[in-house]
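Visitor: need a 3D model of the sequence below.
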Amino acid sequence: MRWIRYTAEGRTGYGILEGDRIREVRGDPFEGHEATGRVHALDAVRIEVPVIPRTFYCAGLNYVEHVKEQAAKRGETPNIPTKPDIGYRAANALIAHGEDVVIPRDATEKVHYEGELVVVVGKKAKHLGEAEALSCVLGYTIGNDVSERTWQRGDRTLWRAKNTDTFKPMGPWIETELDLDAAETIVRLNGAVSTRFPTNHMLFGVATFISAMTRYLTLWPGDIIWMGTDGTSPDLRHGDVVEVEITGIGTLRNRFVREGM
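Guide: The predicted structure is shown next:
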């Protein structure tokens, strides 16, 4: 099943996406819903961010090749994580499929994409073992973790390097029946493939993260966990279009524009 959050006729709500048609519901996938009987064409609505999270979590370095490539750029020996580490991002940075990522006027040229699997929590969870960890997951969507790397090196808290408005595209919808082991992440820059990797080829998988997190944190319906990326990004420029596809989910597409241009 695919849950889509959209705006039509001045109202924002959830529906179930079937091909290019949306079956409207009253309610949401977290608290319950019922069909209204109305149907909308996908190309007649505005796609919204699939969920506004109570808490926005993000996995730290979670793909071996990404760790190695980042270390090589810094001239360092790679330090492969030995346990899952979690961080936070700001919901103000979220934008939907099709919206523009705005590069601030004073940003350097070192603006990069990171195509990521996003876990959407569907049920309250605490003290889950790995065997039962996925029971709290509603489904999965796609994220593009945009970073300004010069700021990332200079800002202690990454407050603007990672959390500038529009720096977290997410969508286009939530897929509830994804086969993680079969999924592949493919990033295209202006239509050409620039990065591809097996989505589930992580140092620590979704169940491991959820189990570790819920020892200390309560996960709530609508929380999201971004699972990290593999590969590297070229410097993004005004007018570039980045597409992050995860097979079995769909494609998240956003244009990059520099402020004032």
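
Visitor: phi and psi next, for the most centrally placed residue in the chain.
Guide: In the chain, the centroid-proximal residue (C-alpha atoms, centre = their mean) is Gly143; its distance is 2.1 Å. Phi and psi for Gly143, reported as degrees, to the nearest 10, are phi -130, psi 150.

Visitor: contacting residues for it?
Guide: When the contact criterion is C-beta atoms under 8 Å, 6 or more residues apart in numbering, the partners of Gly143 are Gly115, Glu116, Leu117, Val118, Lys168, Pro169, Met170, Trp226, Val244, Leu252. Glycine gets a C-beta too; all of them are placed from N, C-alpha and C.

Visitor: give me that answer again for 10 Å
Guide: Gly143 is in contact with 56, 58, 89, 94, 114-119, 168-171, 224-227, 229, 244, 246, 252, counting by C-beta atoms under 10 Å, 6 or more residues apart in numbering.

Visitor: phi, psi of the residue nearest to His33 when sequence neighbours are not counted?
Guide: Computed as C-beta to C-beta, 6 or more residues apart in numbering, the closest residue to His33 that is not its neighbour in sequence is Gly27, at 3.4 Å. Comment: the main-chain dihedrals of Gly27 come out as phi 110, psi -150, following degrees, to the nearest 10.

Visitor: next up, the contacts around Gly27.
Guide: Taking C-beta under 10 Å, 6+ apart as the definition of contact, the neighbours of Gly27 are Gly13, Tyr14, His33, Glu34, Ala35, Thr36.

Visitor: now do 8 Å
Guide: So Gly27 contacts Tyr14, His33, Glu34 (C-beta under 8 Å, 6+ apart).

Visitor: pLDDT wise, what is the closest residue in space to the first one that isn't next to it in sequence at?
Guide: With C-beta to C-beta, 6+ apart as the measure, Asp28 is the residue that lies nearest to Tyr14, at 4.9 Å, once sequence neighbours are left out. Per-residue confidence at Asp28 stands at 98 (pLDDT).

Visitor: ok, now Arg74?
Guide: Checking the pLDDT column for Arg74, the value is 70.

Visitor: pop the domain breakdown of the chain in here.
Guide: With automatic domain parsing as the criterion, the domains of the chain are listed as 1-48, 49-258.

Visitor: most packed of those domains?
Guide: Each of the domains of the chain was assessed for mean neighbour count using mean count of other C-beta atoms under 10 Å. The highest is domain 49-258, with a mean of 18.

Visitor: how long is that one end to end?
Guide: The first and final residues of domain 49-258 sit 22 Å from each other (C-alpha to C-alpha, to the nearest Å).

Visitor: I'd guess Gly98 is in a helix, am I close?
Guide: No. Secondary structure of Gly98, determined by DSSP: H, G, I helix; E, B strand; the rest coil: coil, with no helix assignment.

Visitor: that one is in contact with Glu48, isn't it?
Guide: No. The pair formed by Gly98 and Glu48 falls short of the contact definition of C-beta atoms under 8 Å, at 10.1 Å.
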